[in-house]
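Engineer: fold the following for me, if possible:
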Amino acid sequence: MRRWFGLLFFCLGNYAFAAQEKPPQQQKEPAAQEQAPPEQHDTDKPKEYSFNPLQAEKEVRIGNYYFHKGSYRAAAQRFREATRWNGNSSEAFLRLGEAEEKQKDWKEARQAYQKYLELAGEDDKRTAEVRKKMAKLSKGKG
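Structural biologist: This is a model prediction of the structure:
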């Protein structure tokens, strides 16, 4: 029992000694210190796109995931991002057109399909199918 009391007094003594050694806090003068302007966050800046086919491919893969999940709005955003990273990606424009068509945004779908046709050329096997979709969109919708 004596040991416990000794240990207790020892700890209390060290605590009191440590509390006494603290230097007095200095008074801050708010008027004397000038505040620096807040730094701008990266989110405030507009995103800059440069040619990056790997990023475009990644965006298309993620867009395909959202498309198959049934989230056409998110898919369209991803495909649009892919077209910004690589403006020559016919796959991204084709998928963007399909996502816009699912959302019933006929004007945007037609624009995406048109860009796909410009980029893909006649060699692509999906060109005929896209031309049919364009004709259908031009006649009946929008």
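Engineer: switch to C-alpha atoms for all contacts and neighbour counts from now on
Structural biologist: Noted.
Engineer: okay, now the unreliable bits of this structure?
Structural biologist: Within the chain, the segments meeting pLDDT under 70 span 1-45, 140-142.
Engineer: show me where it has strands.
Structural biologist: Assigned by DSSP state E, the strands in the chain number zero.
Engineer: helices of that one, start to end?
Structural biologist: According to DSSP state H, the chain carries its helices in the segments 2-20, 53-69, 72-85, 90-102, 106-120, 127-140.
Engineer: which strands or helices does the last one pack on?
Structural biologist: I take that to be helix 127-140. Applying 3 or more C-alpha pairs under 8 Å, 6 or more residues apart in numbering; DSSP states H and E, we find helix 127-140 packed against helix 106-120.
Engineer: 10 Å - rerun?
Structural biologist: helix 90-102, helix 106-120 (3 or more C-alpha pairs under 10 Å, 6 or more residues apart in numbering; DSSP states H and E).
Engineer: repeat that for the third one.
Structural biologist: Packed against helix 72-85 by the contact rule (3+ C-alpha pairs under 10 Å, 6+ apart) you find helix 53-69, helix 90-102.
Engineer: picking that back up, so for P46, which of the helices of the chain sits nearest?
Structural biologist: Taking C-alpha to C-alpha, helix 72-85 is the member of the helices of the chain nearest to P46, at 13.1 Å.
Engineer: re earlier: may I see the helices and strands packed on helix 127-140 organised as TSV, with distance to Q55 and mean neighbour count added?
Structural biologist: Shown next, in TSV, are those (distance: least, C-alpha to C-alpha, whole Å; neighbours: other C-alpha atoms under 10 Å):
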stretch	distance to Q55	mean neighbour count
helix 90-102	12	24
helix 106-120	19	20
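Engineer: returning to that earlier point: quick one, which of the helices and strands packed on helix 72-85 is nearest to T83?
Structural biologist: helix 90-102 (6.0 Å).
Engineer: ok and that closest one relative to helix 127-140, angle-wise?
Structural biologist: 30 degrees (axes from the mean of the first three to the mean of the last three C-alpha atoms, to 10 degrees).
Engineer: for helix 90-102, C-alpha coordinates in CSV please.
Structural biologist: C-alpha atoms of helix 90-102 as CSV (Å, rounded to 0.1, in the frame of the first residue of the first chain):
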residue,chain,number,x,y,z
SER,A,90,-14.8,7.5,-82.3
GLU,A,91,-15.7,4.9,-79.6
ALA,A,92,-16.3,7.7,-77.0
PHE,A,93,-18.6,9.6,-79.4
LEU,A,94,-20.5,6.5,-80.3
ARG,A,95,-21.1,5.6,-76.7
LEU,A,96,-22.0,9.3,-75.9
GLY,A,97,-24.6,9.2,-78.6
GLU,A,98,-26.1,6.0,-77.2
ALA,A,99,-26.2,7.4,-73.6
GLU,A,100,-27.8,10.6,-74.8
GLU,A,101,-30.4,8.6,-76.8
LYS,A,102,-31.3,6.7,-73.7
